[in-house]
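Visitor: Turn this into a structure:
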Amino acid sequence: MSRFRWRSLTLFLAAATALLGVAAMPAVAAPGPTATFTKVSDWGTGFEGRITVTNGGSTALNGWTVAFDLPAGYSITSSWDAQRTSDGRHHEFRNPGWAATLAAGASHSFGFNGSPGGLGGISGCTLNGAPCDGGPGDPGDPGDPGDPGDPGTPADGRAAPYLYLGWGNPPSPTTVMNATGVRWFTLAFVLSGGGCNPAWDGNRPLLGGVDAQAIAQIRANGGDIVPSFGGWSGNKLGPNCATAEALAGAYQRVIDAYGLRAIDIDIENSDEFENEVVQDRILNALKIVKRNNPGIRTIITFGTTTSGPNWWGNRLIERASALQADIDVFTIMPFNFGGGGNMYQSTVGAAEGLKDKLKATFGWSDATAYGHLGISGMNGLSDQQEVTSVSTWTQIRDWARDRGIGRLSFWSVNRDRGCAGGGVAAHCSGIAQPDWEFSRITAGF
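Guide: Numbers count the residues shown, from 1 in each chain. Coordinates of the predicted model:
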């Protein structure tokens, strides 16, 4: 087309547009990164907040920092899934190592608890120095506090069944992930490899062995792990590390080795659970870990009765409060009650007892207490011949999901294979079931 004809066509279109009264379309700016604040819950003496960073741009966002101010008199008491620094009313949250890059269209949420209650919103919010500009969900707007019983967006690793690589014909984690949708595993167990030195199962190297290889496979497949320290048998770090500082150092070696986002302390044997000195040592060590690793999630797992924690469990919770250990999730193991019984009713009774204890000790609402509560069941046949069937575990999962509990797990993926009439075994559940069915149900949590 000649320049003259192109110019004539352009003039004609412009005239037609003016004649028809059609306004010229304004240029639309490409959306950019935003950060949106939501007050998830408020229990009068405190609140839970969540900020979601969304990369609305067309290129990856490499590194991010969200900064904002709270009103006078308000403070942040704990946080997760971001690295926080606070100076009076001003708070800055930097990306954790696992979320340093946000692809176009991707988002990442982090959360925090604060006090007192009644927060109306935040102010001066910036994302990488620019206004957060959350649009209708502007970060200064408290947003939707959520439904009753909703503790907000859960931290990662909320559904993470136990996988034990030193026992029970361990399956390929990627096989289970691809078959079920499970993305996180609680990897058992970190024990004492001699003194206060951590080792997988007490005898496998922290790095370079089958455990490290499995973690690499899980992460390459889009998942991650929560290491579990302790368990029933073996030589534990709690009694072997002489001080809370030394124990925190042992935990830190594992955290640093894998860039961890959460750790689980399975405190069930009498040498740790039924030992006041060791209980306090573990709690003080976890307090140090939280101080040195902003955003990390700490979990404690222990046994229970059908009506809630026993004396030792109650003491553990009370001491966690007294020592200000800032434990994120208290997880009970509702099985091995002595045989028989309805495992759904027993599990719910135990969980409700724990919820009531958390409310009484910390002054939390029902919703907040559920959010700090975990369940770790035993799939199939327990050591004491109790049966948790596929349908029972589905009931438990649905109950837990409806109440927004903080964690759902089971012992173990190794046993998540059918073997009706096989008794209690390390490699199967002892009941008739499709392979990996408990993992599939848990993934739906």
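Visitor: Cys419 reaches Ala425, doesn't it?
Guide: Yes. Shown here, Cys419 and Ala425 form a contact pair, counting by CB atoms under 8 Å, at 6.3 Å. Heads up, the C-betas are built off the backbone N, CA and C, glycines and all.
Visitor: Check which helices and strands the lengthiest helix in the chain sits against.
Guide: With secondary structure taken from DSSP state H, the chain has its longest helix at helix 343-362. Helices and strands touching helix 343-362, by 3 or more CB pairs under 8 Å, 6 or more residues apart in numbering; DSSP states H and E, are helix 311-322, strand 329-333, helix 366-371, strand 373-378, helix 390-403.
Visitor: do you know which of the ones you listed lies nearest Ile218?
Guide: Each of the helices and strands packed on helix 343-362 was scored for nearness to Ile218 using CB to CB, and the closest is strand 373-378 (19.0 Å).
Visitor: From the contact counts, what lies against that closest one?
Guide: On a contact count with 3+ CB pairs under 8 Å, 6+ apart, strand 373-378 meets strand 297-303, strand 329-333, helix 343-362, helix 390-403, strand 407-411.
Visitor: Pick the most buried one from those.
Guide: Compared across the helices and strands packed on strand 373-378, strand 407-411 shows the largest average neighbour count, a mean of 27 (mean count of other CB atoms under 10 Å).
Visitor: what about the protein, any weak spots by pLDDT?
Guide: 1-31, 98, 134-156 (pLDDT under 70).
Visitor: Helices along that one, start to end?
Guide: Going by DSSP H, the chain shows helices at 3-20, 173-180, 210-220, 237-240, 244-258, 276-292, 311-322, 343-362, 366-371, 390-403, 437-443.
Visitor: ok, residues contacting the longest helix of the chain?
Guide: Outside helix 343-362, the residues within contact range by CB atoms under 8 Å, 6 or more residues apart in numbering are 304-309, 313-314, 317-318, 321, 330, 332, 334-335, 337, 364-366, 368-370, 372-373, 375, 377, 386-388, 392, 395-396, 399-400, 405.
Visitor: of those, buried ones?
Guide: Listed as buried from the contacts of helix 343-362 are 304-306, 308-309, 313-314, 317, 330, 332, 334-335, 337, 364-366, 368-370, 372-373, 375, 377, 386-388, 392, 395-396, 399-400, 405; burial here means 16 or more other CB atoms under 10 Å.
Visitor: ok so, going back, just the angle between the longest helix of the chain and strand 297-303, please?
Guide: 120 degrees (axes from the mean of the first three to the mean of the last three CA atoms, to 10 degrees).
Visitor: Now helix 343-362 - C-alpha only, PDB.
Guide: Extracted in PDB, the C-alpha atoms of helix 343-362 (Å, rounded to 0.1, in the frame of the first residue of the first chain):
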ATOM      1  CA  MET A 343     -11.600 -44.300  65.800                       C
ATOM      2  CA  TYR A 344     -13.500 -41.400  64.400                       C
ATOM      3  CA  GLN A 345     -15.100 -40.600  67.700                       C
ATOM      4  CA  SER A 346     -11.900 -41.200  69.600                       C
ATOM      5  CA  THR A 347      -9.900 -38.900  67.300                       C
ATOM      6  CA  VAL A 348     -12.500 -36.100  67.400                       C
ATOM      7  CA  GLY A 349     -12.700 -36.400  71.200                       C
ATOM      8  CA  ALA A 350      -8.900 -36.200  71.500                       C
ATOM      9  CA  ALA A 351      -8.700 -33.200  69.200                       C
ATOM     10  CA  GLU A 352     -11.500 -31.400  70.900                       C
ATOM     11  CA  GLY A 353      -9.800 -32.000  74.300                       C
ATOM     12  CA  LEU A 354      -6.600 -30.500  72.800                       C
ATOM     13  CA  LYS A 355      -8.500 -27.500  71.400                       C
ATOM     14  CA  ASP A 356     -10.000 -26.800  74.800                       C
ATOM     15  CA  LYS A 357      -6.600 -27.000  76.500                       C
ATOM     16  CA  LEU A 358      -5.100 -24.600  74.000                       C
ATOM     17  CA  LYS A 359      -8.000 -22.200  74.500                       C
ATOM     18  CA  ALA A 360      -7.600 -22.300  78.300                       C
ATOM     19  CA  THR A 361      -3.800 -22.000  78.200                       C
ATOM     20  CA  PHE A 362      -3.300 -19.300  75.500                       C
END
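Visitor: now that helix: how far from the chain's centre is it?
Guide: Taking CA atoms, centre = their mean, to the nearest Å, one finds helix 343-362 lying 20 Å from the centre of the chain it belongs to.
Visitor: cool, stretch 237-250 as well?
Guide: For stretch 237-250, the distance to the chain centre is 24 Å (CA atoms, centre = their mean).
Visitor: ok, now stretch 314-334?
Guide: Per CA atoms, centre = their mean, the centroid offset for stretch 314-334 relative to its chain is 16 Å.
Visitor: circling back to that earlier point, for Ile76, find the nearest of the helices and strands packed on helix 343-362.
Guide: Among the helices and strands packed on helix 343-362, helix 366-371 sits nearest to Ile76 (CB to CB), with 15.5 Å.
Visitor: Run through the neighbouring helices and strands of the closest one.
Guide: By 3+ CB pairs under 8 Å, 6+ apart, helix 366-371 packs against strand 33-42, helix 343-362.
Visitor: Hmm, His427 and Gly168 touching each other?
Guide: Yes. Using CB under 8 Å, Gly168 is in contact with His427, at 4.7 Å.
Visitor: Give the residues shared as contacts by the two.
Guide: 414-415.
Visitor: Residues in a beta bridge with Leu61, which ones?
Guide: Leu102 (DSSP bridges).
Visitor: count of neighbours near Asp264?
Guide: Here the number of neighbours of Asp264 (other CB atoms under 10 Å) works out to 30.
Visitor: coming back round to it: can you tell which of the helices of the chain is closest to Leu187?
Guide: With CB to CB as the yardstick, what comes closest out of these is helix 210-220 (6.7 Å).
Visitor: Would you mind getting the angle between that closest one and helix 244-258?
Guide: Using the same axes, to 10 degrees: helix 210-220 against helix 244-258 is 60 degrees.
Visitor: what separates helix 210-220 from the chain centre, distance-wise?
Guide: With CA atoms, centre = their mean, you get 19 Å for helix 210-220.
Visitor: before we move on, what about stretch 273-285?
Guide: 23 Å.
Visitor: cool, stretch 375-390 as well?
Guide: 24 Å.
Visitor: Next: stretch 209-219.
Guide: Counting by CA atoms, centre = their mean, stretch 209-219 comes out at 20 Å from the chain centroid.
Visitor: Could you report the neighbour count for the closest residue to Asn379 other than its chain neighbours?
Guide: Across the structure, with CB to CB, 6 or more residues apart in numbering as the measure, the residue nearest Asn379 apart from its sequence neighbours is Phe438 (4.2 Å). Phe438: 31 surrounding residues under other CB under 10 Å.
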